[in-house]
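*Asks:* Sequence first, then the predicted structure:
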Amino acid sequence: MSIRPLGDRVVIKRIEAEETTKSGIVLPGTAKEKPQEAEVVAVGPGGLVNGKEVKMEVKVGDKVLFSKYAGNEIKMDNIEYIILKQDDILAVIE
Amino acid sequence: MSIRPLGDRVVIKRIEAEETTKSGIVLPGTAKEKPQEAEVVAVGPGGLVNGKEVKMEVKVGDKVLFSKYAGNEIKMDNIEYIILKQDDILAVIE
Amino acid sequence: MSIRPLGDRVVIKRIEAEETTKSGIVLPGTAKEKPQEAEVVAVGPGGLVNGKEVKMEVKVGDKVLFSKYAGNEIKMDNIEYIILKQDDILAVIE
Amino acid sequence: MSIRPLGDRVVIKRIEAEETTKSGIVLPGTAKEKPQEAEVVAVGPGGLVNGKEVKMEVKVGDKVLFSKYAGNEIKMDNIEYIILKQDDILAVIE
Amino acid sequence: MSIRPLGDRVVIKRIEAEETTKSGIVLPGTAKEKPQEAEVVAVGPGGLVNGKEVKMEVKVGDKVLFSKYAGNEIKMDNIEYIILKQDDILAVIE
Amino acid sequence: MSIRPLGDRVVIKRIEAEETTKSGIVLPGTAKEKPQEAEVVAVGPGGLVNGKEVKMEVKVGDKVLFSKYAGNEIKMDNIEYIILKQDDILAVIE
Amino acid sequence: MSIRPLGDRVVIKRIEAEETTKSGIVLPGTAKEKPQEAEVVAVGPGGLVNGKEVKMEVKVGDKVLFSKYAGNEIKMDNIEYIILKQDDILAVIE
């Protein structure tokens, strides 16, 4: 079973603190603050979204930084995901 | 008797907690929180909605995840439905 | 005497509780809550509304569901009507 | 002396309660509430208004229903008028 | 020295209460309320304003009615002027 | 060293109270209120700004009137400047 | 490892107070207020962003002034960066 996001939405999975340390990315704040780094799990088709043409710039497997609090959290097969609009993704880490 | 939604609206029927467990999707929160998984019952024609071209991406029978609190609830033949804009549907579960 | 709504406006007449029961549609809430089912009495011409092209999707005689609190109430020949924008009509009941 | 409204504006004159009774239109509320029925006195040219194409749908002499509180009141030669945007006119009474 | 308004802005000069009485226009309210009648002193070029095409409909010398509180007040050579957007001008008095 | 504003932004320098008196422009309010008269120091390229075509109407050296509180203040080589969008400039004084 | 910003986003690195003094730019406020001068580290591709065409006007290495509080702060390899939309960059310092 998988999730197919609609329009310009993207499904991402948070990267845990351990991995974050490896990649050298740390978000400012206390240690209890969840990092905003994630991996892209599924990407919507883009195209005409609310009458605006949107081109998808991320792909499955991309490591991304995203706006805290953006999107909706869901849990599937006991794993937490976030569904957000691509515009809430700030950057790709390469 | 049936419902024909206008514009980019979609009629959905919540999937009960039992079914939700089967498909493995659980939304975060307390057990009392209603899941946001639903089945599409009727789909509007899309096209020009408020001057914006909208393409319908869901079809009758699709299992979808939708934004909590989105849309209007109605009861027909004793069954509860929700009428919402397609943009309030986050993803299709496949 | 009749009412010709402008732009994308529609004139509707609430369907009383008795009729609502016949058609099997009941809106959730207390018994005192007015149902949101109505019959279309007049339809504006659509076309260019505030610079946006709007296509009218309802016609006189349609049974519709509409957003509670939407539109303006008027009384003509002792009958209450509601004038609302087509976008406040959720669906047609067939 | 006359008033030439700009853009998509329309000048209307409220129809007094007596006339309202004749035409059979009564707006809901207390007897002290001013009715929203009026006669069109002058019509702006329409066309490009704030970058949006607006087509004027009312003409001088039309009886109209308009949104309460809409527009600006002015007094000219001791008669009260209201200047409002055509979009605040709900319908023409025929 | 003169003022050249930008875009769709217009410079107007309030017409004093005395003149207002002559032309027969009185705005409702207390005697202390400043009338909203004014004379056009300078007109911007219109054209593309914030990406929207605006056509100027008033010209220098026009008597106009304008929205109270609209625009910015300035004093030049001891005379008070108001700079407002043309959209805040309701009508031309002819 | 100089400042090159982006998009439809303009860099201006307030004209001091003394100069203001000379040019005869005084803004209403208390003597402590800073005048809104300024000289244009640098002009952005205009063109496509947030998807809207903007044409620059002011040039370096223009005396302008601008909306109080508009823009961001900066200090460079001990001189205060304001960076604002051209739309916050009301008029050019000639 | 590097950051590739999406759409019209730009990654910048604040220029420390010492450098700020050298370049002669000081932002108003107390000495404790962080300056808004920064160096561009990475630039998004621009193009179609939310249905609007955006042309990138800054390039890597540019010294820029940006709106305080704009954007999201991140820390990578122990260095703080800010990811913001190009529209939050006021000007380039040359």
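*Replies:* Great, that's in hand.

*Asks:* contacts, neighbours, all on C-alpha from now
*Replies:* Fine.

*Asks:* how close does the residue of chain A most remote from its centre sit to G:G51?
*Replies:* Each residue of chain A has a distance to the centre, and by C-alpha atoms, centre = their mean the biggest one is for A:G51: 23.3 Å. Noted for A:G51: a distance of 8 Å to G:G51, by C-alpha to C-alpha, to the nearest Å.

*Asks:* for chain A, where's the lowest mean pLDDT among helices and strands?
*Replies:* Lowest by mean pLDDT, DSSP states H and E among the helices and strands of chain A is helix A:17-23, with a mean of 49.

*Asks:* what residues does stretch A:73-91 touch?
*Replies:* Residues from elsewhere that reach stretch A:73-91, judged by C-alpha atoms under 8 Å, 6 or more residues apart in numbering or on different chains: A:5, A:8-14, A:56, A:58, A:64-67, A:70-72, B:24-28, B:90, G:3-6, G:9, G:50, G:83.

*Asks:* How about whichever residue of chain A sits closest to chain C, nearest residue that isn't a chain neighbour?
*Replies:* Minimum separation of chain A from chain C (C-alpha to the nearest C-alpha) falls at A:G51, amounting to 11.8 Å. Of all residues not flanking A:G51 in the chain, B:K52 sits nearest, at 4.4 Å (C-alpha to C-alpha, 6 or more residues apart in numbering or on different chains).

*Asks:* quick one: contacts for that neighbour?
*Replies:* B:K52 touches A:N50, A:G51, A:K52, C:K52, counting by C-alpha under 8 Å, 6+ apart.

*Asks:* Check the spacing between A:V92 and chain F real quick.
*Replies:* 23 Å (C-alpha to the nearest C-alpha, to the nearest Å).

*Asks:* how about the strands in chain A?
*Replies:* A:3-5, A:9-14, A:25-26, A:37-43, A:47-49, A:52-54, A:63-66, A:72-76, A:79-85, A:89-93 (DSSP state E).

*Asks:* before we move on, the earlier item: pretty sure the residue of chain A closest to chain C contacts B:V54?
*Replies:* Yes: the criterion here is C-alpha atoms under 8 Å, and A:G51 meets it with B:V54 at 6.0 Å.

*Asks:* low-confidence ranges in chain A?
*Replies:* Along chain A, segments meeting pLDDT under 70 span A:1, A:16-35.

*Asks:* can you rerun that using 50?
*Replies:* Along chain A, the model assigns pLDDT under 50 to residues A:18-21, A:29-35.

*Asks:* Pick out the residue of it closest to chain G.
*Replies:* Counting by C-alpha to the nearest C-alpha, chain A gets nearest chain G through A:A91, at 3.9 Å.

*Asks:* count of neighbours near the nearest residue to that residue once chain neighbours are set aside?
*Replies:* Nearest non-adjacent residue to A:A91, counting by C-alpha to C-alpha, 6+ apart: G:P5, 3.9 Å away. G:P5 has 24 neighbours, counted by other C-alpha atoms under 10 Å in any protein chain shown.

*Asks:* Nearest the middle, which residue of chain A would you pick?
*Replies:* A:I12 (3.5 Å).

*Asks:* Now do the shared contacts for A:G51 and B:V54.
*Replies:* By C-alpha under 8 Å, 6+ apart, no residue touches both A:G51 and B:V54.

*Asks:* rewinding a little: what's near enough to touch the residue nearest to A:A91?
*Replies:* G:P5 neighbours (C-alpha under 8 Å, 6+ apart): A:L90, A:A91, A:V92, G:V11, G:A42, G:V43, G:G44, G:P45, G:I83.

*Asks:* how does it look with 6 Å?
*Replies:* A:L90, A:A91, G:G44 (C-alpha atoms under 6 Å, 6 or more residues apart in numbering or on different chains).

*Asks:* Let me know the distance separating it from chain E.
*Replies:* For G:P5, the distance to chain E - C-alpha to the nearest C-alpha - is 27 Å.

*Asks:* Kindly provide the distance from that residue to F:I93.
*Replies:* For G:P5, the distance to F:I93 - C-alpha to C-alpha - is 42 Å.

*Asks:* re the thing from before, burial count for the residue of chain A closest to chain G?
*Replies:* Neighbour tally, A:A91, other C-alpha under 10 Å: 27.

*Asks:* Can you tell me how far it is from B:S2?
*Replies:* A:A91 is 46 Å from B:S2, by C-alpha to C-alpha.

*Asks:* got it, and A:F66?
*Replies:* 42 Å.
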